[in-house]
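>>> Provided below are the primary sequence and the corresponding predicted coordinates.
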Amino acid sequence: MSFLLKNSTSEPNQPSSPSPDELQDKTIQVRELLGSLTDEMPAFLSDTTIRRFLRARHWSTQQATKALKETVKWRRQYRPERICWDDIAEKEWEARRAYIADYLDNTGRRVLISKPAIKAKVSGKEQIKYFVYILESLAMNSADEQEDVTWLLDFRGWAISSTPLSTTRESIHIVQNYYPGMMAVAILSNTPRIFESFWKIAKQFLDAKLNEKVKFLYTNKLESHNMLSEMFDMDKLETAFGGRNTHSFDFDNYADRMRTGDLARGASSLQTDINMVPEHH
């Protein structure tokens with residue numbers, strides 16, 4: 001069970017983690033390869049971001065640089081740094097569908113909660129915009145380049161109509177390509193039988209590294225309950241995941257936290273029209 005608590009280790013046949021001095025050298029090399037881009041996006045292209053991309057690309061400076069250049073191109077178009085809490089449509093409803101918890105897991109990782117069974121009231125474009133906003137908040141308000149997010153998804157009551165495949169595919173693409181190395185584990189809880197056919201298609205969009213981080217748990221099974229007890233303070237974990245936290249979602253408190261986070265990362269509400277990222281084939 002402890003595999004969910006351990007920090008990520010090198011995959012078989014993959015380069016081992018570099019020493020601190022080697023990592024610093026690789027970070028400098030990537031900066032040199034990026035050239036003037038580091039002046040264009042200094043907040044994004046921090047050492048923390050570069051090291052996260054290096055880790056996600058198996059410590060290859062060439063692959064990390066390529067991925068960062070692709071991400072810079074996407075950020076020029078999408079401008080995620082400009083998305084603020086007050087730009088989000090149907091804020092109160094969307095926040096109940098996905099939110100950053102106000103507690104950490106037992107290893108100090110931040111916790112992202114998603115409830116895909118709650119059907120969205122906004123378009124796929126707006127759902128993606130809110131998802132990017134959450135990822136940007138997690139990435140830019142972190143000084144840690146480690147995989148420091150535990151993602152909990154509650155699928156109880158889920159139906160195929162709840163989550164369009166196109167939105168799922170785009171979300172996976174964004175996580176893997178533009179925010180790599182953030183997710184330590186994604187726990188899919190209480191998936192109904194009908195989810196199996198959906199997952200057979202959706203998992204084809206996952207790369208091998210992210211696929212290994214996806215775990216299926218069922219709160220009515222003792223093994224799953226024990227695993228969650230090892231990972232979380234059960235008094236803080238929501239009842240939807242087998243915890244003892246019965247408090248209802250405090251929207252006003254969450255809104256205040258997100259606005260504070262916006263200020264910390266220097267975001268400002270411009271009400272900019274965000275274009276949907278082109279579909280990937």
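Structure received.

>>> residue ranges with poor pLDDT in the chain?
1-14, 268-281 (pLDDT under 70).

>>> so who does the residue lying closest to Phe232 once chain neighbours are set aside touch?
Nearest residue to Phe232, sequence neighbours excluded (Cβ to Cβ, 6 or more residues apart in numbering): Asp105, at 5.5 Å. For glycine as for every other residue, the C-beta is placed from the backbone atoms N, C-alpha and C. Counting by Cβ atoms under 8 Å, 6 or more residues apart in numbering, Asp105 makes contact with 111, 150, 231-232.

>>> how far away is Asp105 from Leu112?
Distance of Asp105 to Leu112, given as Cβ to Cβ, to the nearest Å: 11 Å.

>>> which neighbours do the two share?
Common neighbours of Asp105 and Leu112 (criterion: Cβ under 8 Å, 6+ apart): Thr150.

>>> where along the stretch 1-150 of the chain do the helices fall?
Secondary structure of the stretch 1-150 of the chain (DSSP state H, counting those that start in this stretch): helices at 20-34, 37-40, 47-56, 61-78, 91-97, 124-140.

>>> tell me the most buried of these?
helix 47-56 (a mean of 22; mean count of other Cβ atoms under 10 Å).

>>> what are the contacting residues of it?
8, 17, 23, 26-27, 30-31, 60-61, 64, 67-68, 71, 139, 142-147, 180-182, 209.

>>> can you pull out the strands in the stretch 101-250 of the chain?
For the stretch 101-250 of the chain, the strands defined by DSSP state E, counting those that start in this stretch occupy 110-114, 149-154, 183-189, 214-217.

>>> want to throw those into TSV with mean neighbour count and distance to Phe205?
Shown next, in TSV, are the strands of the stretch 101-250 of the chain (neighbours: other Cβ atoms under 10 Å; distance: least, Cβ to Cβ, whole Å):
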stretch	mean neighbour count	distance to Phe205
strand 110-114	21	17
strand 149-154	23	16
strand 183-189	21	13
strand 214-217	16	12
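
>>> how about the ones you listed, which one is nearest Ala267?
strand 110-114 (18.0 Å; Cβ to Cβ).

>>> what residue spans form the domains of this protein?
17-78, 88-250 (automatic domain parsing).

>>> compute the first-to-last residue distance for the shortest one.
Read that as domain 17-78. 32 Å (Cα to Cα, to the nearest Å).

>>> contact partners of stretch 237-256?
Stretch 237-256 has contacts (Cβ under 8 Å, 6+ apart) with 85, 91-92, 95-96, 99, 102, 113, 115, 152, 154, 156, 187, 189, 219, 224-225, 228, 232, 234-236.

>>> kindly report the same for stretch 171-179.
So stretch 171-179 is contacted by 67, 70-71, 74-75, 128, 131-132, 135, 138-139, 182-183, 202, 205-207, 210, 277, 280 (Cβ under 8 Å, 6+ apart).

>>> and the gap between Lys66 and Phe53?
Taking Cβ to Cβ, one finds Lys66 at 10 Å from Phe53.

>>> and if you look at Asn226?
Using Cβ to Cβ, we find Asn226 at a distance of 35 Å from Phe53.

>>> returning to that earlier point: want to throw the strands of the stretch 101-250 of the chain into JSON lines with distance to Thr167?
Formatted as JSON lines, these follow (distance: least, Cβ to Cβ, whole Å):
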{"stretch": "strand 110-114", "distance to Thr167": "12"}
{"stretch": "strand 149-154", "distance to Thr167": "14"}
{"stretch": "strand 183-189", "distance to Thr167": "16"}
{"stretch": "strand 214-217", "distance to Thr167": "17"}
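
>>> the ones you listed: which one's closest to Lys121?
strand 110-114 (15.8 Å).

>>> which other helices and strands does the closest one contact?
strand 98-104, helix 124-140, strand 149-154 (3 or more Cβ pairs under 8 Å, 6 or more residues apart in numbering; DSSP states H and E).

>>> 10 Å instead?
Of the remaining helices and strands, those touching strand 110-114 by 3 or more Cβ pairs under 10 Å, 6 or more residues apart in numbering; DSSP states H and E are helix 91-97, strand 98-104, helix 124-140, strand 149-154, strand 183-189.
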